[in-house]
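Trainee: No letters, just coordinates:
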């Protein structure tokens, strides 16, 4: 195993210049959910360059891709996941260019020991993490059929074994009123913005009566055209978060009632469009996560304890983790005081610190996958932990 590990990490080091060029190109060309054509094409072309067959447009998503290779003997299948979408206005402030690079590097590192592997490595390019739930859509189309374990890493300001994660549902609301001159004939108008703001205020009041792990937040995306025109249309986007799927299902109708109250109070009609995908909480497979941490620590990284961190985000990797054993650790790509989804983080995602996180992520993922494919005891532990987490054991 030591010889194999050295071969894998050495191969990633040999490819470091090429890998980082991919990272920097994706970083310099941020693309939103379902529009990641440059990133998808670049990653696919790089895979092809290393003698791997790759297919784009897989699992009903135009900017998804897949490649895989198998070892000399049969065994489990490990999926290594790449993300590469960016955020509106602030680019790669979540560092998905680093995620894609690490997944690519891990796959190519494992390719160097293909003839010694027992099982299959599958690299999946998964679009639309920031909005749209790409992994859930791919899962529904069969992307994780036959997969025994799935893994990725995420950049952050600290090193932690898993991401603090809760569920989230997205909803778009559109209020329809009737326009009129706001001064000459206000009585002829029905103010759509009033409907949205009444709902916003109702949600603000609701926040006093929800649990600590629940969140509701949103923005006004349309509020009218001019102050002297009664708005006949107003719209907003909102996120509703809860600790798990059951709590989310209880909270969503309470938020729905706020939107309906805004319509009744203003005399408007309202469209309430819940997203097709709810993001689930992260069901971390701890035997795999602990193995990842060991390998990352061997590269000189120091890990923080989860219970000393506050706050939580959401990811569609949560949906994967309820289907197959999964991990979503985080490695520091920026100082601890720089948070993701902040323009400052985008700078670090393109820096030497970010580069190192991508390479360390590639090595740690590759070594974790290598251990899993060759260690039957670890395979058993991973499977049992997943059964226990799902209440099946």
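Mentor: Everything's here; your move. Owing to the predicted nature of the structure, the values given are computational and were not obtained by experimental measurement.

Trainee: Break the chain into its domains for me.
Mentor: Listed by automatic domain parsing, the domain ranges of the chain are 2-165+282-389, 167-274.

Trainee: Quick one: end-to-end distance for the longest one.
Mentor: Read it as domain 2-165+282-389. 31 Å (C-alpha to C-alpha, to the nearest Å).

Trainee: for the shortest one, same thing?
Mentor: The first and last residues of domain 167-274 sit 14 Å apart, counting by C-alpha to C-alpha.

Trainee: The closest residue to residue 118 other than its chain neighbours - how many residues pack around it?
Mentor: Excluding the flanking residues, the one nearest residue 118 by C-beta to C-beta, 6 or more residues apart in numbering is residue 75, at 3.7 Å. To be clear about C-beta, it is placed using only N, CA and C from the backbone, and glycine gets the same treatment. Using other C-beta atoms under 10 Å, residue 75 is surrounded by 18 other residues.

Trainee: Let me see the backbone angles for residue 75.
Mentor: The phi and psi torsions at residue 75 (degrees, to the nearest 10) take the values phi 170, psi -170.

Trainee: so it sits right up against residue 119, yeah?
Mentor: Yes: contact criterion C-beta atoms under 8 Å: residue 75 and residue 119 qualify, at 3.0 Å.

Trainee: okay if I get the domains of the chain as CSV plus mean pLDDT?
Mentor: Formatted as CSV, the domains of the chain follow (pLDDT from 0 to 100):
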stretch, mean pLDDT
domain 2-165+282-389, 96
domain 167-274, 97
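
Trainee: hey, which of the ones you listed is tucked in deepest?
Mentor: Ranked by mean neighbour count, the domains of the chain are led by domain 2-165+282-389 with a mean of 20 (mean count of other C-beta atoms under 10 Å).

Trainee: where does residue 200 land in three-state SS?
Mentor: Following DSSP: H, G, I helix; E, B strand; the rest coil, residue 200 is assigned to helix.

Trainee: How about residue 344?
Mentor: Recorded secondary structure, residue 344: helix (three-state DSSP).

Trainee: Helices of the stretch 151-300 of the chain, residue ranges please.
Mentor: 192-206, 245-266, 286-298 (DSSP state H, counting those that start in this stretch).

Trainee: and the gap between the residue of the chain most remote from its centre and residue 234?
Mentor: No residue in the chain sits farther from the centre than residue 184, which is 50.1 Å out by C-alpha atoms, centre = their mean. Distance from residue 184 to residue 234, counting by C-beta to C-beta, to the nearest Å: 21 Å.

Trainee: How much space separates the nearest residue in space to residue 251 that is not next to it in sequence from residue 166?
Mentor: Of all residues not flanking residue 251 in the chain, residue 242 sits nearest, at 5.1 Å (C-beta to C-beta, 6+ apart). Note on residue 242: its distance to residue 166, by C-beta to C-beta, is 6 Å.

Trainee: Which residues are in contact with each of those two?
Mentor: With contacts taken as C-beta atoms under 8 Å, 6 or more residues apart in numbering, the residues that reach both residue 242 and residue 166 are 213, 215.

Trainee: ranges for the strands of the chain?
Mentor: Under the criterion DSSP state E, the chain contains strands at 55-56, 65-70, 73-82, 118-125, 149-151, 154-156, 167-176, 215-222, 233-242, 269-274, 326-327, 330-332.

Trainee: Nearest to residue 15, out of those strands?
Mentor: Set against residue 15 and scored by C-beta to C-beta, the strands of the chain come closest in strand 118-125, at 14.1 Å.

Trainee: Give the pairing partners of that closest one; include direction for each.
Mentor: Paired strands of strand 118-125, with direction, are strand 65-70 (antiparallel), strand 73-82 (parallel) (DSSP bridges).

Trainee: Residues in contact with that strand: which ones?
Mentor: So strand 118-125 is contacted by 40, 43-44, 47, 56, 63-82, 84, 100, 103-104, 107, 110-111, 138, 143, 147-148, 369, 373-374 (C-beta under 8 Å, 6+ apart).

Trainee: about what we covered before: surely the residue nearest to residue 251 touches residue 167?
Mentor: Yes: judged on C-beta under 8 Å, residue 242 makes contact with residue 167 at a distance of 5.3 Å.

Trainee: joint contacts of these two?
Mentor: residue 248.

Trainee: Pull the contacting residues for the residue farthest from the centre of the chain.
Mentor: Listed by C-beta under 8 Å, 6+ apart, residue 184 has no contact partners.

Trainee: All good on my end, thank you.
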